[in-house]
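Enquirer: Take a look and give me a structure for this.
(2 chains)
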There are 2 protein chains.
Amino acid sequence: MKAIGFKKSLPISDPESFIEFETDKPKPTGKELLVKVEAISVNPVDYKIRQNSLKDKTQNEPKVIGWDAVGIVEEVGNEVVLFKKGNKVFYAGDITKPGSNQEYQIVDERIVGFAPKNLTIEEAAAMPLTALTAYEILFDRMGLSKEEDAGKSVLIIGGAGGVGSIAIQMAKKLLGLTVITTASRPETAEWCQKMGADIVINHANLIQEVHHAGFENIDFIVDFVDLNQYWDALVTLIKPQGKIASISDPVHPVDLRQLKGKSVSFYWELMFTRAMFQTDDMIRQHEILNTISDLLDKDIIKSTLNNTINGLSSENLRKAHQQLESGKTIGKLVLKF
Amino acid sequence: MKAIGFKKSLPISDPESFIEFETDKPKPTGKELLVKVEAISVNPVDYKIRQNSLKDKTQNEPKVIGWDAVGIVEEVGNEVVLFKKGNKVFYAGDITKPGSNQEYQIVDERIVGFAPKNLTIEEAAAMPLTALTAYEILFDRMGLSKEEDAGKSVLIIGGAGGVGSIAIQMAKKLLGLTVITTASRPETAEWCQKMGADIVINHANLIQEVHHAGFENIDFIVDFVDLNQYWDALVTLIKPQGKIASISDPVHPVDLRQLKGKSVSFYWELMFTRAMFQTDDMIRQHEILNTISDLLDKDIIKSTLNNTINGLSSENLRKAHQQLESGKTIGKLVLKF
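Expert: Just a heads-up that it's a prediction; the model follows:
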């Protein structure tokens, strides 16, 4: 089967930054599914891993990454109970295992959901990683609920990116929050409004922008960009007893002590934690993905797909990473095999 | 009326570190109560404020501190709805206002509860600040519940202190958690067992001690001592998706980024946040205090009183602070007027 990978961390302009190769179709065991991948999407984690994981060493066997896929179950391990051959599934996968940038992939059934029925392959492929991330933040980490929190305010830093786009929708549609989001170009601002944001502000002068929008402080803040860049503003803007969550990778430490006076809580979200640590509640991702599938099928939330590239090739994957690395991607970019 | 205060931050060995003076009985307005104080307790926040708040300047009018009191409502403001003259009440108070180290004190009714009926004055005076702190941490911040969390593990750093003593009881009796706590002297270990701790360990070599007690990692960790001292151990010991809370005042920043891989949440608790920011839900402290009063009356939780000094005098307050500053106090120390 065909697979795309890399033997060394190289700049995306280098033709060797992704290479195409042939490898054996893997065999599922235990709770594993073998999935024939039909479409994938790219996420910032992809290029972070590509840029950094093989910086100081070269591998003989290319490393296959990619964490988002839609496909058909081709074969199941002997302990599989949730799926059978022929099921159409979608998933984000496990960062410790080979990814979806190949024709066939092995994935644990507990982190796989049934793909939405009313969406195209590419619309569905756009969703797993970002939707899981946004859902885990809002519900599993921050513990928000429509009953308790409808009408409260959330500030989403970075609304036009992949996870921002779906977080806006979930905050609005599933929780009834008032959604303020940052987006600083006309096209990203327009996209955020399309996703359902109530107020779109510029990320520069964040404090003044929020005040100018009529909010003295904010109940919940979710950072999808960079905790270092916004920390002081978040400390000022968060409401006493408020909640701040982040998925970003700040280069420098932040001073947690600044949140004590207001009794603020801070929530990290890493979508890979459950699979990486094989937590007891790992199957929760199966359940969340099924919920997301249902919400998409009912048109309560919409796919954040914004761009599709056709064909699994090293050249197309380079194109996709190049675009993502620009930091200007709006919504999601999908590669259809 | 008689009051005790200080004009300058001085070492507790200095006779001027607390001075006795006469002042006018204050007049309640709005939602305020005037309370005739009958007993108070001392907390670490008292000596932190005494040591630091008037370090660089001297006040003409002595500053009155103390945040814990039991007393009788003497007079009420014109907007008071929860209490009337003659009610026996208890409260921790508001750090931005004059404290309980005086014969009469003004306090906002929304942060006052009805004192327990079946306890002595001194048993009741031991409780408000620490019980509010422990209750807010476990329920309002970490969001724990018996339904969701019974049987899970909590590590309490500093079990024998005032807040540790009541946190052990609440974690055990109200949540059904397995309680592991640090206490490093025979008398503190014995006290923690009396409070209901399942396992008492030494705070040195925390990781090994926890592993040796049969736990690879811990669902919830609550720090009552010093985040700097234990941070690396907490990062190692916390379960993926676990929760860490603290009330301590670390001198150095801690590196929050270390918690990301496990998607851990961090909760600050400052019992004064609600009153300080006059939050919309300030009345929650009235409700919590009434709940605590009820739990004490029903003997579900017990007073953590361990020592009483008789008489409101500057000498007795110096004695109390001196003992607290030693860091060796077990349970609570009360001053009965």
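Enquirer: Quickly check: the one helix or strand A:Tyr135 maps to near chain B or not.
Expert: Using DSSP states H and E, A:Tyr135 maps to helix A:128-135. No - contact between helix A:128-135 and chain B is absent, the nearest approach being 10.4 Å (criterion: Cβ under 8 Å from any Cβ of the partner chain). Every C-beta, even on glycine, is put in place using the N, C-alpha and C of the backbone.
Enquirer: how about that helix: buried residues?
Expert: A:Pro128, A:Leu129, A:Thr130, A:Ala131, A:Leu132, A:Thr133, A:Ala134, A:Tyr135 (16 or more other Cβ atoms under 10 Å in any protein chain shown).
Enquirer: go on, stretch A:87-100?
Expert: Residues of stretch A:87-100 classed as buried by neighbour count (16+ other Cβ under 10 Å): A:Asn87, A:Lys88, A:Val89, A:Phe90, A:Tyr91, A:Ala92, A:Gly93, A:Asp94, A:Ile95, A:Pro98, A:Gly99, A:Ser100.
Enquirer: CA atoms of that stretch as CSV?
Expert: What follows is stretch A:87-100, C-alpha atoms only, in CSV (Å, rounded to 0.1, in the frame of the first residue of the first chain):
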residue,chain,number,x,y,z
ASN,A,87,-18.7,0.7,8.6
LYS,A,88,-17.9,4.2,7.6
VAL,A,89,-16.0,5.8,10.4
PHE,A,90,-14.1,9.0,11.4
TYR,A,91,-11.5,9.6,14.1
ALA,A,92,-8.5,11.8,15.1
GLY,A,93,-6.3,8.9,16.2
ASP,A,94,-3.4,8.5,18.6
ILE,A,95,-0.3,10.6,18.5
THR,A,96,1.9,7.7,19.6
LYS,A,97,0.9,5.6,16.6
PRO,A,98,1.4,5.9,12.8
GLY,A,99,-1.1,8.4,11.4
SER,A,100,-3.6,8.7,8.6
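Enquirer: mean confidence score for it?
Expert: Per-residue pLDDT over stretch A:87-100 has a mean of 97.
Enquirer: and that stretch, is it in reach of chain B?
Expert: No - in terms of Cβ under 8 Å from any Cβ, no part of stretch A:87-100 sits within range of chain B; the closest distance is 10.3 Å.
Enquirer: Now A:Glu287: phi and psi?
Expert: Phi and psi for A:Glu287, reported as degrees, to the nearest 10, are phi -70, psi -40.
Enquirer: Let me know the pLDDT of it.
Expert: Looking at A:Glu287, its pLDDT stands at 98.
Enquirer: And the residue of the stretch 101-250 of chain A found nearest chain B, how far from A:Glu147?
Expert: The minimum distance from the stretch 101-250 of chain A to chain B, using Cβ to the nearest Cβ, falls at A:Pro240 (4.0 Å). Separation of A:Pro240 from A:Glu147 (Cβ to Cβ, to the nearest Å) stands at 22 Å.
Enquirer: Between these two, which has more neighbouring residues?
Expert: A:Pro240 (18 against 8; other Cβ atoms under 10 Å in any protein chain shown).
Enquirer: Quick check: phi and psi on that one?
Expert: Dihedral angles (degrees, to the nearest 10) for A:Pro240: phi -50, psi 140.
Enquirer: Would you agree it is in contact with B:Thr279?
Expert: Yes - with contact defined as Cβ atoms under 8 Å, A:Pro240 reaches B:Thr279; the gap is 5.4 Å.
Enquirer: intersection of neighbour lists for these two?
Expert: B:Thr273 (Cβ atoms under 8 Å, 6 or more residues apart in numbering or on different chains).
Enquirer: What parts of the stretch 51-200 of chain A come near chain B?
Expert: A:Glu136, A:Asp140, A:Arg141, A:Gly143.
Enquirer: Just list the residues touching the second one, thanks.
Expert: So the one you mean is A:Asp140. Contacts of A:Asp140 were listed using Cβ under 8 Å, 6+ apart, and they are A:Arg284, B:Gln241.
Enquirer: repeat that for 10 Å
Expert: The contact partners of A:Asp140, by Cβ atoms under 10 Å, 6 or more residues apart in numbering or on different chains, come to A:Leu132, A:Tyr267, A:Glu269, A:Arg274, A:Asp281, A:Arg284, A:Gln285, A:Ile288, B:Gln241, B:Ser263, B:Ser265.
Enquirer: What is the burial count for the third one?
Expert: When neighbours are counted by other Cβ under 10 Å, A:Glu269 registers 25.
Enquirer: before we move on, back to that, please indicate which of the residues of the stretch 51-200 of chain A next to chain B are buried?
Expert: Among these, the ones that count as buried by 16+ other Cβ under 10 Å are A:Glu136, A:Asp140, A:Arg141.
Enquirer: got a list of what the last one touches?
Expert: Read it as A:Arg141. Per Cβ under 10 Å, 6+ apart, neighbours of A:Arg141: A:135, A:222, A:243, A:245, A:265-269, B:241, B:243, B:263-265.
Enquirer: which one of these is nearest A:Asn43?
Expert: Using Cβ to Cβ, A:Glu269 comes nearest to A:Asn43 of the contacts of A:Arg141, at 13.7 Å.
Enquirer: I figured that closest one was touching A:Ile137, is that so?
Expert: Yes - judged on Cβ atoms under 10 Å, A:Glu269 makes contact with A:Ile137 at a distance of 4.5 Å.
Enquirer: For these two, list the residues in contact with both.
Expert: Going by Cβ under 10 Å, 6+ apart, residues that sit against A:Glu269 and also against A:Ile137 are A:Val163, A:Val222, A:Phe224, A:Ala245, A:Ser246, A:Ile247, B:Ser263.
Enquirer: From those, which land in helices?
Expert: Residues of the shared contacts of A:Glu269 and A:Ile137 located in helices (DSSP state H): A:Val163.
Enquirer: Which ones among the shared contacts of A:Glu269 and A:Ile137 map onto strands?
Expert: If you go by DSSP state E, the shared contacts of A:Glu269 and A:Ile137 have A:Val222, A:Ala245, A:Ser246 in strands.
Enquirer: Of the residues you listed, which is the nearest to A:Ile309?
Expert: Ranked by distance to A:Ile309 (Cβ to Cβ), those are led by A:Val222 at 28.9 Å.
Enquirer: I'd like the distance from the closest one to A:Leu138, if you could.
Expert: Taken as Cβ to Cβ, the span from A:Val222 to A:Leu138 is 8 Å.
Enquirer: Check A:Glu190 too.
Expert: 24 Å.
Enquirer: out of these two, which sits in the busier spot?
Expert: Higher neighbour count among A:Glu190 and A:Leu138: A:Leu138, with 25 against 14, using other Cβ under 10 Å.
Enquirer: Dump the ones in strands among the shared contacts of A:Glu269 and A:Ile137 to JSON lines, plus neighbour count, pLDDT and distance to B:Val179.
Expert: Listed next are these as JSON lines, based on neighbours: other Cβ atoms under 10 Å in any protein chain shown; pLDDT from 0 to 100; distance: Cβ to Cβ, whole Å:
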{"residue": "A:Val222", "neighbour count": "28", "pLDDT": "98", "distance to B:Val179": "33"}
{"residue": "A:Ala245", "neighbour count": "23", "pLDDT": "98", "distance to B:Val179": "28"}
{"residue": "A:Ser246", "neighbour count": "26", "pLDDT": "98", "distance to B:Val179": "31"}
